[in-house]
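[1] Dropping the sequence and predicted coords here.
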Amino acid sequence: MTPSMVSVSSNSTSRTVVKSINTDEFKSLLDAAEWASNVIVVKFSAGFCKSCKSMEPKFKRLAKVYDKFNYFEVSYEKNKQLCEELGVDKLPHFQVYDRRTNQSEGVSCTWTEAAKLRDLLDRFNI
C-alpha cells in the first residue's frame with residue numbers, strides 16, 4: 001500500500017508532500033521506488049502538542065528551502081505503537097531517511113530549537 005500523494009507547488013519548483021500517513025504506509029514508505037527524492041523526512045506530531053503546532057510554520061519554511069526531499073507526517077495519536085517501536089518519545093520529532101546510503105537520523109526540537117532540524121537537513125542535502 002503506497003501513501004496517497006498531493007502535489008504542492010513552492011515558488012518555481014514542485015515537490016510531493018504527503019500530509020499524513022499511517023503505520024502500514026510508513027512501513028512500506030522506505031521501500032517505495034516512486035519518490036522523486038532519495039531523502040525522506042518524516043514528522044511525528046500530535047494534535048495535543050503545543051510545540052508541534054508552534055513548529056509547523058518553521059517546518060513548512062524549511063520544506064520550501066529543502067524542496068528536493070519528500071515530506072510525510074505521522075500522527076502520534078493514531079500510530080502510538082509505531083512511534084514507540086521507533087523510540088519517538090518527545091514531540092515533535094523529525095526523522096530523516098536517506099535511501100542512497102541507507103542511513104537514518106532524527107531530532108526532537110521545539111520552534112526555539114529549529115536550527116537543530118535545519119542542521120539535520122543540511123547533513124542530508126548532498
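    Sure thing, it's come through.
[2] can you count the residues close to residue 67?
    Neighbour count of residue 67, defined by other C-beta atoms under 10 Å: 18. Where C-beta positions appear, they are placed from N, C-alpha and C, glycine not excepted.
[3] so who does the residue sitting nearest the centre point of the chain touch?
    The geometric centre of the chain, computed from its C-alpha atoms, lies nearest to residue 42 (C-alpha atoms, centre = their mean), at 2.1 Å. Residues near residue 42 by C-beta atoms under 8 Å, 6 or more residues apart in numbering: 26, 29, 71, 72, 73, 74, 94, 95, 96, 97.
[4] pLDDT, distance to residue 56 and neighbour count added to the residues you listed, as JSON lines?
    Shown next, in JSON lines, are those (pLDDT from 0 to 100; distance: C-beta to C-beta, whole Å; neighbours: other C-beta atoms under 10 Å):
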{"residue": "26", "pLDDT": "87", "distance to residue 56": "20", "neighbour count": "18"}
{"residue": "29", "pLDDT": "79", "distance to residue 56": "21", "neighbour count": "19"}
{"residue": "71", "pLDDT": "89", "distance to residue 56": "12", "neighbour count": "23"}
{"residue": "72", "pLDDT": "91", "distance to residue 56": "14", "neighbour count": "23"}
{"residue": "73", "pLDDT": "93", "distance to residue 56": "10", "neighbour count": "18"}
{"residue": "74", "pLDDT": "95", "distance to residue 56": "14", "neighbour count": "26"}
{"residue": "94", "pLDDT": "97", "distance to residue 56": "12", "neighbour count": "23"}
{"residue": "95", "pLDDT": "96", "distance to residue 56": "17", "neighbour count": "20"}
{"residue": "96", "pLDDT": "94", "distance to residue 56": "18", "neighbour count": "21"}
{"residue": "97", "pLDDT": "91", "distance to residue 56": "21", "neighbour count": "21"}
